[in-house]
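S.K.: Sequence below, structure please.
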Amino acid sequence: MKIHFNKYHGTGNDFIIIDNRKKEFDKKNVKLIRNLCNRRTGIGADGLMLLEKDKKHDFKMLYFNSDGKEGTMCGNGGRCIVAFAQTLNIISDLTIFNAIDGVHTAKISKKNISLKMSDVSVIKKFRDGYLLDTGSPHFVCFKRNNSDIDVNKLGNKIRNEERFQPNGVNVNFAKVSGKYLDVLTYERGVEAETLSCGTGSVAASIASAYFKKSNEYKLIVNTKGGKLEVTFEKKNNKYQNIWLSGPVVKAFEGHFSVKQFI
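M.R.: From the prediction side, this is the model:
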């Protein structure tokens, strides 16, 4: 059996995306997903997404990390699947879709795709950083200099610490300079540094504003894969109306044989 796929990336955070409205792809096959995401022997990606039908909204987004397991919300993935949905003529320049953390609104412009993220009301302070959930759990560490950090080594260590078990955590290293943030991310499920992380960029932006490391509620986030913009409002100790914006690129498309990857 052959299945059509598309490959997209949002500032270097890359995904295999499949139209699964006819339920042809076996989303329970962890080995298949893991092998497709393998960068040496598969298509290669940080994750895989399925676009499926939803009774109340334009579509449903299912996200799987490159380890083959279903993951929590992916901000850049959400922006990429919106671009894909438009090519299927499911949506125009505005959409409301369902994801694992709830309903999201997204807007498409000529240069960017903007995704409305879940509200954030709980931020926990630790000696070495801040923990918050932006659809996925993130631990944000602020650094004066990011250039000398071994993201894979230190990120893996923090991700697996006892305080974040049993599920672990995504780890972000952030440097603040006014309205600019430099963010490096170690992603659980990928178990490596990624070029960009949407929920991580949102987490770092909100943490920096909440703890007065930045007074800006509109930040430009520099990732290794490009620039993202995060805007939000604060009301009654809750961060809301959170938008993640940035470019999306379709890299290529093709077909694969399921038999080859299982």
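S.K.: And for the one residue sitting closest to the centre of the chain, nearest residue in space, chain neighbours not counted?
M.R.: By C-alpha atoms, centre = their mean, the mean C-alpha position of the chain lies nearest to Cys74, the distance being 2.9 Å. Closest residue to Cys74 apart from its sequence neighbours, by C-beta to C-beta, 6 or more residues apart in numbering: Tyr63 at 4.9 Å. (C-beta placed from N, C-alpha, C; glycine too.)
S.K.: next one: Arg39
M.R.: Nearest residue to Arg39, sequence neighbours excluded (C-beta to C-beta, 6+ apart): Ala45, at 7.9 Å.
S.K.: Pull up the gap between that neighbour and Asp26, please.
M.R.: Here Ala45 is placed at a distance of 17 Å from Asp26 (C-beta to C-beta, to the nearest Å).
S.K.: which one of those two has more residues nearby?
M.R.: Taking neighbours as other C-beta atoms under 10 Å, Ala45 and Asp26 compare with Ala45 leading, 27 against 14.
S.K.: Need the three-state assignment for the more buried one.
M.R.: Judged by DSSP: H, G, I helix; E, B strand; the rest coil, the three-state class of Ala45 is coil.
S.K.: Surely the residue nearest to Arg39 is in contact with Ile17?
M.R.: No: using C-beta atoms under 8 Å, Ala45 makes no contact with Ile17, being 9.1 Å away.
S.K.: Name the residues contacting each of the two.
M.R.: Lys7 (C-beta atoms under 8 Å, 6 or more residues apart in numbering).
S.K.: what's the neighbour count on the nearest residue to Gly102 once chain neighbours are set aside?
M.R.: Closest residue in space to Gly102, ignoring its immediate chain neighbours: Ser118 at 6.1 Å, by C-beta to C-beta, 6+ apart. Neighbourhood size, Ser118 [other C-beta under 10 Å]: 20.
S.K.: what comes into contact with stretch 252-262?
M.R.: The contact list for stretch 252-262, computed with C-beta under 8 Å, 6+ apart, reads 1-7, 26, 29, 31-32, 35-36, 42-43.
S.K.: let's see 6 Å
M.R.: 1-2, 4, 6-7, 31-32, 35-36 (C-beta atoms under 6 Å, 6 or more residues apart in numbering).
S.K.: same question, stretch 199-209
M.R.: Here stretch 199-209 makes contact (C-beta under 6 Å, 6+ apart) with 75, 117, 120, 130, 132, 134-136, 138, 140, 170, 172, 174, 176, 181, 183, 185, 214, 219, 221, 228, 230, 239, 244.
S.K.: Where does Arg34 fall, secondary structure wise?
M.R.: Element membership of Arg34 [criterion: DSSP states H and E] is helix 30-37.
S.K.: Show me what the helix or strand following that helix is packed against.
M.R.: Using DSSP H and E, the helix or strand that follows helix 30-37 towards the C-terminus is strand 47-52. Helices and strands touching strand 47-52, by 3 or more C-beta pairs under 6 Å, 6 or more residues apart in numbering; DSSP states H and E, are strand 13-19, strand 60-65, helix 75-87.
S.K.: With that, I have no additional questions.
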